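> coordinates for the following, if possible.
(chains A, B and C)
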Amino acid sequence: MERRPKEFDPAGGGWAPWLFLSPLLVFAALFFVLPLGFSVYLSFTRWNPLGTPDWVGLRQFEYLLTRDTTFWATILNTFVFAFGFVVAGVPLALGLAFVFSRARGKAVWRSVYYLPQLTNIVAIAYLWQFVLDDRYGLVNRLLGMAGLRGPDWLTDPVMAMISVVMVMVWYDAGKNMLVFSAALEAVDQEIYDAATLDGAGATRTLWSVTLPMIRPAFIFVTITSFITGMGFFALILAMTGGGPRGATEVTALYTYRMAFEDLRMGRASAGALILFVIIGVISLLQFRALKERAT
Amino acid sequence: MTASDPLVAGERAEVAAEARVVAPRGMGRRAGGVLKYVALALGALVMILPFADMFVGALRGPADVYASPPRYFPAEPQWGVYARVFAELPMRTWFANSVIVTGLITAAQVATSVTAGYALAKYDFAGRASIFRLVVGAQMFPFFLFIIPIFFILRFAPLMGGNDIAGQGGSGLLGTYAALCLPFVVTWYGVFLMRQFFIGIPDDLMEAARLDGASEYRIFRSIMLPLVKPAIATLTLFSFVYHWNEFIWTMTVTRSAPELQTLPVGIYLLQGAFENLEQKSLQQAALAISILPVIVVFLALQRLFVSSDFASGVK
Amino acid sequence: MPHRTIIAATLVTAGTSLAAVAQDAPLTVAMHYTQEQAAPLLACLEEYDADGVTAQYQQISYRDYLQTVLTGRLGGQSPDIYNLYSIWAAQMVDNGVLDTPPDDLVSFVTDSYAEGTVDAATIDGTLWGVPTEVSAYLLVSNMALLREAGYDAPPATWDELREVAEAVTTRNAQGRIENAGFAIADSSSGAGFVHPFYALLYSEGGTPYSEDFAEANFESPEAVDALSLMAGLTQDDITDLSVDAYDFPAGGIGMMIMANWFKSEIAAGFGDAFAQDVVASAIPMGEEWRTLQYAFFMGVDSNSDRPEEAWALVRHLNEPRDGGPSCMGEMLAGLGALTANEADNAALPEPDAFTAPFVAALAEGRAISQPNVMQSAEIEGMMAQTIERVMAGEAEPEPALSGLDVEVEDILFEFY
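I've put the predicted structure just below:
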């Protein structure tokens, strides 16, 4: 280096930062900006990729939004799945975090609860298929031994949605539990002591001390879970294939199939963009709402 | 942003939490203490049962599945199933691909995250704020949005795989390991994570080195990099787990290239061969094998994996 | 138990992703049969060496076949030779995926194959390959269960079928079906619903489409009647949808409307009792019963770099060998599937008691081909969902079929 500044100059790197950033910038151009642009372009076309794209203007959006009842059904399923996942998963993870952060033997509990997160989604889907089999699955066998007729976990449309939400909660519980417990552990013991000295009971301490302190974690988990839930379809693809009778077909899966089974790239891109806009708008609203309550 | 090393902070927090347990106050706490373990144990049972079910299922033989009603516990556990998995399924190919692809992606992600995170944390240059906003913002874009366009970007990559300069005529990068790895060589989250770590390292070290005439690369390589080793280990573990298990993308690009399929994808796409009741045990054994390596790696590296890593994205 | 062997084929293809570029790479033959089912064919492929040109097998799951072929083609990962379900063909021809066969192969096909199946490989007047598997649907019964319930013969009418099914069905303490008297047994592709529906629709005298494919006939009274028959079974609690096709080989199903290719699976489950306990009989729709037949044919990818060699291999696999059936013929006979290759039928032993009724159904013209309509995989997916919804009691046959008719005509409108 020719330059030797006397004072430390963070700008003193010359070209170095750009060199360090070059892989990221190339990647951002090729695998972020370009695909997004391409995707928007495709949504205005009709394209079977073995041929060439035809420009059709807004026709794909029009078809999806006004004619395709299945598309709306999948949007509804997407919401049910995502909200079910958040509403059941977040409190459960928080509750687990409370007990986990105060328990001994953390290494063991952590390994056990984190196990699903280490497992590939195909294995998760299949192992639950076996466990939830209507007639000979573990759960219904156990219920049968108790003289109960277990539900049709995967063949009844309502139960199938409940089942996939449940498995998703099971899959993610360990991860969110660790996020929450990290937040709980960061709360200073002195604050608790102060609250106890002030005569605050356990419930009060929870509501007025603990929960406000972990609010950032709560917002983070809620919003990331929601975004994950809205766009996640690998589990459903492998576990129910969107069935029975479309009951668990979520929009991301529907557009994936449209693209790679029916070769409708234009319409599938339009569907994916609509879903993305919905997710974006709702995440923003959620973020605002959760932030406001904090102040 | 916190200036302390979250890993250290995390371990401290854990020690503090354990200390709290050691000194319980009052009887109410003790009763709650038992309940706490009951709850944790019940939860743990729910976590483990499906895996146990898979191991039992793998050992069932034809006599068990064709019994009326079918038996849950095999009359004679068929331990040979694990040998059959390797004899009858292309396990070796899948396994090798999983190792190659996961290894390449993890190495690339660590390299790009460290360099980019370092640049964003330690240099001041025009555009830094915008690039950082991109890194944060890009994390919000769900992956499903990219499947179709990236598939075709790889397909029409100019001059690759028999393509001409306009990207026509050949198959581009599809059908190669590049198609499996390239879309993942940068992880926005990893860049973000590494930036947070570098921010916590005091600037004086860099300053002193510059005064000594060290090159920018040397400063990075010999001074900064060793300081973030724990963060690199954490990122490595996260990347490894994620990409060992990656499914949708790999399936999309290897559907018709069996020689490139990884474990989860191979097992999924061979589903037609498992419909026969007798083959279910083979499927379950294959699944067990697909899970094991990750569990082993995780248990071996667990101490790097403290819960505060999970908090670093929150702040 | 017979030795259950290799089920995957991908091992064979390992490390040869560049098959399409390397001249000395083996020709790839992609089929949906498991390696176990395809064993006789695999032996032929292994032996094959025509002036240095060798061959290998690739298994693609039936459910994903069309999807795999089309996306593989985008990625230049096409096999050289396909075995195609006739309903996929229209779309593949439309997308230019298939190569036209050389003249000598065309005359080989027209000379040695039954006319009806040659039609299945013909689209818009052009022949696209060599017909291979032919299957028809009949009522397949587990006589052990029927006899236990007091019936010595399979039913001949739908009312009888309902009676027998009800008598055979047993439930456990929680009311779950243990043995199903009759099962609509799906195995992941939707065919389990759609194919029996076709058989009933044809027996009612209906057709799914107008001649030119411009219109769908799902609103017709015949279609409504056919679906009502199926729905009646679940509405009246005679059966439910919890049973899997592979429960038949396990002995848990009394009757199902099934295709002959399933014979090898059933035989594996029944072992020695097969001949005595498993019977195929007419679709129980009275004297005028009809059924569905479908066909596969072997074609060559238009991107293959060695089309001549590929067609030569196709011919080799389908031509009778000295004093014996062709490789394909031998494999199909092992499955219990049929072939329209007259030389093979002469060289193979007479069909057994199980297979004979299927042969007769084809010979008597009772088995009607599945329509070769565009996007038929997509359409049949919609049909399967409609039928399943009605059978699950979530919709009535008539409005559900009207809805289907509109959706399908939306698709037809794009092409016809």
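> which SSE is immediately downstream of the helix or strand of chain B with the lowest mean pLDDT?
Between all helices and strands in chain B, the lowest mean by mean pLDDT, DSSP states H and E belongs to helix B:6-22, at a mean of 39. Scanning forward in sequence from helix B:6-22 by DSSP states H and E, the next helix or strand is helix B:27-58.
> that next one and chain A in contact?
Yes. Contact of helix B:27-58 with chain A (CB under 8 Å from any CB of the partner chain) involves B:36-37, B:39-40, B:43-44, B:46-51, B:53-54, B:57. For glycine as for every other residue, the C-beta is placed from the backbone atoms N, C-alpha and C.
> I'd like to know which elements the helix or strand harbouring residue C:70 is packed against.
In this structure, residue C:70 sits in helix C:65-74 according to DSSP H and E. With contacts taken as 3 or more CB pairs under 8 Å, 6 or more residues apart in numbering or on different chains; DSSP states H and E, helix C:65-74 sits against strand C:81-85, helix C:86-94.
> among these, which gets the worst mean confidence?
Per-segment mean pLDDT for those reaches its minimum on helix C:86-94, at a mean of 84.
> which one in the residues of helix B:27-58 next to chain A is the model shakiest on?
residue B:36 (86).
> find the nearest non-adjacent residue to it, please.
Distances taken as CB to CB, 6 or more residues apart in numbering or on different chains place residue A:99 nearest to residue B:36, at 4.5 Å, with adjacent residues excluded.
> any idea how far the residue in chain A positioned nearest to chain C lies from residue C:156?
Nearest to chain C in chain A, going by CB to the nearest CB, is residue A:149, at a distance of 3.5 Å. For residue A:149, the distance to residue C:156 (CB to CB, to the nearest Å) stands at 35 Å.
> neighbour count winner among those two?
Under the criterion of other CB atoms under 10 Å in any protein chain shown, the comparison of residue A:149 against residue C:156 puts residue C:156 first, with 17 against 13.
> how is the more buried one assigned, secondary-structure-wise?
What DSSP: H, G, I helix; E, B strand; the rest coil gives for residue C:156 is coil.
> just list what the longest helix anywhere in chain C packs against, helices and strands only.
When chain C is parsed with DSSP state H, its longest helix is helix C:397-415. Applying 3+ CB pairs under 8 Å, 6+ apart, one finds that helix C:397-415 contacts helix C:221-235, helix C:376-391.
> pull out the buried residues from it.
Using 16 or more other CB atoms under 10 Å in any protein chain shown as the test for burial, helix C:397-415 gives C:397, C:400-401, C:403-405, C:407-409, C:411-412.
> need these in JSON lines with pLDDT, can you?
Formatted as JSON lines, those follow (pLDDT from 0 to 100):
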{"residue": "C:397", "pLDDT": "96"}
{"residue": "C:400", "pLDDT": "96"}
{"residue": "C:401", "pLDDT": "96"}
{"residue": "C:403", "pLDDT": "93"}
{"residue": "C:404", "pLDDT": "95"}
{"residue": "C:405", "pLDDT": "95"}
{"residue": "C:407", "pLDDT": "89"}
{"residue": "C:408", "pLDDT": "93"}
{"residue": "C:409", "pLDDT": "93"}
{"residue": "C:411", "pLDDT": "88"}
{"residue": "C:412", "pLDDT": "91"}
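> ok, those vs chain B, which is closest?
residue C:411 (20.9 Å).
> list the contacts for the closest one?
C:374-375, C:378-379 (CB atoms under 8 Å, 6 or more residues apart in numbering or on different chains).
> sorry, back to before: between the helices and strands packed on helix C:397-415, which one is closest to chain B.
Going by CB to the nearest CB, the one of the helices and strands packed on helix C:397-415 nearest chain B is helix C:376-391, 15.2 Å.
> report the rounded mean pLDDT for the closest one.
pLDDT averaged over helix C:376-391 gives 89.
> which residues are contacting it?
A:244-246, A:261-262, C:66, C:87-88, C:90-91, C:184, C:186, C:190-194, C:197, C:218, C:227, C:230-231, C:233-234, C:241, C:370, C:373, C:395-397, C:400-401, C:403-404, C:407-408, C:411.
> how about it: buried residues?
Neighbour-count burial for helix C:376-391 flags C:376-391 (criterion: 16+ other CB under 10 Å).
> angle of that helix against helix C:221-235?
50 degrees (axes from the mean of the first three to the mean of the last three CA atoms, to 10 degrees).
> would you put the C-alpha positions of helix C:376-391 in PDB?
Only the C-alpha atoms of helix C:376-391 are listed here, as PDB (Å, rounded to 0.1, in the frame of the first residue of the first chain):
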ATOM      1  CA  SER C 376     -54.500 -35.300 -21.000                       C
ATOM      2  CA  ALA C 377     -52.300 -35.800 -17.900                       C
ATOM      3  CA  GLU C 378     -53.600 -32.400 -16.600                       C
ATOM      4  CA  ILE C 379     -57.200 -33.300 -17.500                       C
ATOM      5  CA  GLU C 380     -57.100 -36.700 -15.900                       C
ATOM      6  CA  GLY C 381     -55.700 -35.100 -12.800                       C
ATOM      7  CA  MET C 382     -58.800 -32.900 -12.700                       C
ATOM      8  CA  MET C 383     -61.000 -35.900 -13.400                       C
ATOM      9  CA  ALA C 384     -59.500 -37.800 -10.500                       C
ATOM     10  CA  GLN C 385     -60.000 -34.900  -8.200                       C
ATOM     11  CA  THR C 386     -63.700 -34.500  -9.200                       C
ATOM     12  CA  ILE C 387     -64.400 -38.200  -8.900                       C
ATOM     13  CA  GLU C 388     -62.700 -38.400  -5.500                       C
ATOM     14  CA  ARG C 389     -64.600 -35.300  -4.200                       C
ATOM     15  CA  VAL C 390     -67.900 -36.900  -5.200                       C
ATOM     16  CA  MET C 391     -67.000 -40.300  -3.700                       C
END
